[in-house]
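In: got a sequence here, can you model it:
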Amino acid sequence: MKLTLLGTGNTGMSPVYGCDCMACKRAVEQPQYRRQKTSAVIETNGKQLLLDANCDDLLQRFPSGTIDRILLTHYHMDHIHGLFDLRWGVGDKIAVDGPPDTQGCDDLFKHSGLLDFQLPLTAFQSFEWQNIEITPLPMQHSKICFGYCFSVQAQGDQSIKQVTKRLAYLTDTIGLPLETQDWLIQHPIDILLVDCNHSPEYNVAKRNHNNLNDVIDIVAAIHPKTTRLIHISHELECWAMQHPEAFNAQFQLGGDSDVFEW
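Out: Predicted structure coming up:
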C-alpha cells in the first residue's frame with residue numbers, strides 16, 4: 001500500500017498570490033517547495049483511491065478509468081472543487097464516500113453525473129477497500145469532517161506473525177474530539193499525517209485548524225512513530241524556516257509528492 005501526498009498546502013497554497021514572504025519567495029525560486037491544496041492518493045492492487053478531490057490537474061493526472069474510489073474528508077470547496085468538473089465526464093460511475101453532511105456542497109448531490117455518492121459513512125464504523133480497513137474518525141471543524149485511519153496486515157520482522165500497520169490522515173481540525181483521541185491511543189499509529197495550518201504564535205479563540213502547539217499535544221497523547229504536517233500555510237512555513245530546531249526526522253513538514261509505504 002502506498003500513499004502519495006498530492007498537496008500539502010492550505011487554501012492559499014504556496015507561493016501565495018502576491019506574497020513576497022521568505023517562504024513564498026523560496027517556493028517561486030525552488031519548485032520543490034511549492035504546495036498545492038492538501039489531498040492524497042492511495043494505491044494498492046492496481047487501484048487508486050483519492051483522498052479529497054482538489055488538485056488543479058485532477059482530470060489530467062487521473063485519466064478516465066484510473067480512479068477506483070473517492071473518499072472525502074468534508075464538503076468545503078477547497079477539498080472537493082475537482083468533483084464539479086469530474087462529474088460531467090463520460091465513463092463508468094465512480095463511488096464517492098464521505099461524512100454525513102446532508103448539505104454537501106452546492107448542487108453536487110442533485111447533479112452528480114458519473115459520481116456515485118454512497119450512503120454517508122458512520123464515525124468509527126470501519127469498512128474495507130482492497131484489503132485495507134478504513135475507519136472514519138470525527139474531527140473538530142466548522143463543517144462535518146472525518147479523518148481516516150488506514151490499517152493493513154503486514155508480516156512482523158522476526159516471525160511469521162501478522163502485525164497491523166496504521167496510517168492516520170487527519171486534516172482540517174483543531175485538536176481532536178476526546179473519543180477520536182481515545183481511539184487513536186487504543187490503535188497505535190505508525191504514520192500520522194496531521195493538519196498544521198498555523199505557527200505556534202497563532203492562537204486566536206475562533207479558528208478551524210491546528211497550530212503547531214496543538215499538533216505537539218496530539219503527538220504527545222497518541223505517540224505516533226512518524227509525524228508529517230499537512231495543510232500548511234506560508235506563515236507556518238516562514239516560522240519553520242526560522243526555527244529548524246523544532247523539527248527532526250520523526251516530526252517535520254510534509255511535502256507535495258511525499259510517498260509513504262506500509
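In: would you map the helices across the protein?
Out: Counting by DSSP state H, the chain has helices at residues 22-29, 58-61, 77-80, 82-86, 178-186, 212-222, 234-242.
In: dump those helices to JSON lines, plus distance to E261.
Out: For glycine as for every other residue, the C-beta is placed from the backbone atoms N, C-alpha and C. Formatted as JSON lines, those follow (distance: least, Cβ to Cβ, whole Å):
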{"stretch": "helix 22-29", "distance to E261": "27"}
{"stretch": "helix 58-61", "distance to E261": "20"}
{"stretch": "helix 77-80", "distance to E261": "24"}
{"stretch": "helix 82-86", "distance to E261": "25"}
{"stretch": "helix 178-186", "distance to E261": "21"}
{"stretch": "helix 212-222", "distance to E261": "21"}
{"stretch": "helix 234-242", "distance to E261": "25"}
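In: want to try CSV for those helices, with distance to E201, mean neighbour count and mean pLDDT as columns?
Out: Below are the helices of the chain laid out as CSV (distance: least, Cβ to Cβ, whole Å; neighbours: other Cβ atoms under 10 Å; pLDDT from 0 to 100):
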stretch, distance to E201, mean neighbour count, mean pLDDT
helix 22-29, 15, 17, 98
helix 58-61, 34, 13, 96
helix 77-80, 24, 20, 97
helix 82-86, 33, 20, 97
helix 178-186, 24, 15, 98
helix 212-222, 9, 18, 98
helix 234-242, 7, 19, 98
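In: L193: which of those helices is closest?
Out: The closest of those to L193 is helix 212-222. By Cβ to Cβ, the value is 11.0 Å.
In: mind listing what the spatially closest residue to R26 that is not a sequence neighbour touches?
Out: In space, and not counting its chain neighbours, R26 is closest to Y33: 5.1 Å by Cβ to Cβ, 6 or more residues apart in numbering. Taking Cβ atoms under 8 Å, 6 or more residues apart in numbering as the criterion, Y33 is in contact with 14, 23, 26-27, 237, 255.
In: and the gap between Y33 and N210?
Out: Using Cβ to Cβ, to the nearest Å, Y33 is found at 21 Å from N210.
In: repeat that for F117.
Out: F117 is 29 Å from N210, by Cβ to Cβ.
In: kindly report the same for C24.
Out: In terms of Cβ to Cβ, C24 sits 21 Å off from N210.
In: now do the strands in the stretch 101-250 of the chain.
Out: 115-117, 127-129, 132-138, 146-155, 162-170, 191-195, 226-230 (DSSP state E, counting those that start in this stretch).
In: just name the most buried of those strands.
Out: strand 191-195 (a mean of 26; mean count of other Cβ atoms under 10 Å).
In: residues making contact with that one?
Out: By Cβ under 8 Å, 6+ apart, strand 191-195 touches 3, 5, 38, 40, 166-173, 209-210, 215, 218-219, 222, 224-231, 254, 260, 262.
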